[in-house]
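Trainee: Here's a sequence, model it:
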Amino acid sequence: GAVCLAARACARSGAGLVTAAVPWGLHPVMEIKLTEIMTMPLPENVDGFLSEQALEVIGGLLEKMDVLAIGPGLGTHQETVKLVGEILKIVKVPCVIDADGINAVAQSGFSLQEMLVGTVITPHPGEMARLMGCSVAEVQADRLGIARRAAGESGAVVVLKGAGTIVALPDGKTYINNTGNPGMASGGAGDVLTGIIAGLLAQGLSAENAAVAGVYLHGLAGDRAAGEKGRAGILAGDITEVLPSCIKDAKGEPT
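Mentor: Below is the predicted model of the structure:
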């Protein structure tokens, strides 16, 4: 489900062509679930997770792509964790790292400073704690300071999710978002944010601008969904569905 949510949000944010690359065993399901999204089967291990053999296929795929989003629904199998590190060493297009992609970076010891391209990471407090080697309580007690330190140490644009999502840049510049509501604290909302930021990167925005605009639009869409349906029971898909109208309004496009 996570990769479907991210892929749909990427398409809804304006990316013209999106490909969801998944293990072979999941590919038939993705073919049914995703109508407007291209799909790509990748080599998997005996446990059904991506294997290291997927690196060559992914490398070839990335030569045709404008952006990479990695992490949603990925899992933390040891072989997959190693694969993530190898992918991040070779990727030459802007990259969004989320969820188990962040966990893989934390486990593998791969340094984001080695990235060759602009990178955005989108951790929730638990993922940030694992990445920084501290507790969730410590993250929540100093969200701004932790986000700034993570950005400075990694060289990536850091999006620390939560109430008042923080976007921190490596140079110390920070933004605090004022859109969004508690109804968005539902499964999959973070995957939608990953897709939005990836879609904006694909259209040529810088890592900073894609992160800031993506966080704002994500919250704006959540507010619109809440206005239409009420906060209780907002689903991640509801956020995605109203996203195009939010982008239209943010741009000031005529009705």
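
Trainee: going forward, measure contacts between C-alpha atoms and count neighbours the same way
Mentor: Fine.

Trainee: Residue 57 contacts residue 42, doesn't it?
Mentor: Yes: applying C-alpha atoms under 8 Å as the test, residue 57 and residue 42 come out as touching, 7.1 Å apart.

Trainee: name the element the residue nearest to residue 214 when sequence neighbours are not counted belongs to?
Mentor: Distances taken as C-alpha to C-alpha, 6 or more residues apart in numbering put residue 197 closest to residue 214, at 5.0 Å, once the chain neighbours are dropped. Following DSSP states H and E, the helix or strand that holds residue 197 is helix 189-202.

Trainee: Residue 57 and residue 42: which is more packed in?
Mentor: Using other C-alpha atoms under 10 Å, the more surrounded residue of residue 57 and residue 42 is residue 42, with 22 against 14.

Trainee: contacting residues for that one?
Mentor: Contact analysis of residue 42 by C-alpha atoms under 8 Å, 6 or more residues apart in numbering lists 21, 22, 23, 24, 50, 54, 57, 58.

Trainee: Wait, a strand at the last one?
Mentor: Same thing as residue 58. No: applying DSSP: H, G, I helix; E, B strand; the rest coil, one finds residue 58 to be helix, outside a strand.

Trainee: Tell me the spacing between it and residue 95.
Mentor: Remark: distance between residue 58 and residue 95 (C-alpha to C-alpha, to the nearest Å) = 14 Å.

Trainee: Comparing those two, which residue is more hemmed in?
Mentor: Using other C-alpha under 10 Å, the more surrounded residue of residue 58 and residue 95 is residue 95, with 26 against 16.

Trainee: got the contact list for that one?
Mentor: Neighbour list for residue 95: 67, 68, 69, 70, 117, 118, 119, 120, 198 [criterion: C-alpha under 8 Å, 6+ apart].

Trainee: List the residues that contact the residue lying closest to the fourth one once chain neighbours are set aside.
Mentor: Closest residue to residue 70 apart from its sequence neighbours, by C-alpha to C-alpha, 6+ apart: residue 97 at 5.2 Å. Contact analysis of residue 97 by C-alpha under 8 Å, 6+ apart lists 69, 70, 71, 119, 120, 121, 122, 194.

Trainee: start to end distance for stretch 63-77?
Mentor: Using C-alpha to C-alpha, one end of stretch 63-77 lies 26 Å from the other.

Trainee: Now do the contacts for residue 94.
Mentor: Counting by C-alpha under 8 Å, 6+ apart, residue 94 makes contact with 66, 67, 68, 117, 118, 119, 201, 207.

Trainee: got a markdown table for these, with pLDDT and secondary structure too?
Mentor: Listed next are the contacts of residue 94 as a markdown table, based on pLDDT from 0 to 100; DSSP: H, G, I helix; E, B strand; the rest coil:
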| residue | pLDDT | secondary structure |
| --- | --- | --- |
| 66 | 97 | coil |
| 67 | 98 | coil |
| 68 | 98 | strand |
| 117 | 90 | coil |
| 118 | 92 | coil |
| 119 | 97 | strand |
| 201 | 98 | helix |
| 207 | 97 | helix |
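
Trainee: from those, which single one is nearest residue 84?
Mentor: Distance to residue 84 across the contacts of residue 94 (C-alpha to C-alpha) is lowest for residue 68, with 11.8 Å.

Trainee: Okay, and the beta partners of the closest one?
Mentor: Beta bridges link residue 68 to residue 95, judged by DSSP bridges.

Trainee: Fine by me, we can end here.
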